[in-house]
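In: Sequence isn't available, so here's the structure alone:
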């Protein structure tokens with residue numbers, strides 16, 4: 001099992017930024033703001049999770065799924081740019097961490113950028129192995 005960590009370092013209505021480290025590589029993450037672990041509206045709680053390579057029915061492809069999230073299911077590490085609190089902001093996440101290489105803005109909203117390349121690199125690096133993921137706040 002390989003190990004990864006996401007350290008969240010800034011959160012507001014436009015999303016929760018973090019830095020993920022895995023096998024000596026770093027990526028940025030963007031998640032929804034914390035809203036008491038409410039499905040489709042909140043980032044997931046800090047903790048230690050098992051992450052497995054599984055097929056997503058919704059995305060219609062294999063991705064890494066974060067398992068055993070209290071009161072949640074279908075949480076995946078995937079691509080996207082925005083994770084703001086809906087309806088005020090746009091979100092490409094329903095509670096999943098988005099992976100990218102850069103932090104910036106899209107139309108004035110906090111965003112992560114270069115996501116497709118980052119997800120492809122992350123998935124190639126992890127190589128379908130099971131991951132022990134720790135998520136914590138800075």
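Out: Looks like it came in fine. Quick caveat, the model's predicted, so the values are computed rather than measured.

In: Give me the residue at the spatial middle of this structure.
Out: Among the residues of the chain, the one closest to the centroid is residue 97, at 1.2 Å (C-alpha atoms, centre = their mean).

In: For that residue, give its distance to residue 67.
Out: Going from residue 97 to residue 67 by C-beta to C-beta, to the nearest Å gives 14 Å. The C-beta positions use only the backbone N, C-alpha and C, and glycine is treated the same way.

In: Residue 27 now?
Out: Shown here: residue 27 relative to residue 67, a distance of 20 Å by C-beta to C-beta.

In: Counting neighbours, go ahead and name the busier of the two.
Out: It is residue 27, of residue 27 and residue 67, that has more neighbours when counted by other C-beta atoms under 10 Å, with 26 against 14.

In: from what I can see residue 85 touches residue 34, true?
Out: No: look at residue 85 against residue 34 with C-beta atoms under 8 Å: they stay out of range, at 10.1 Å.

In: Alright, that wraps it up for me.
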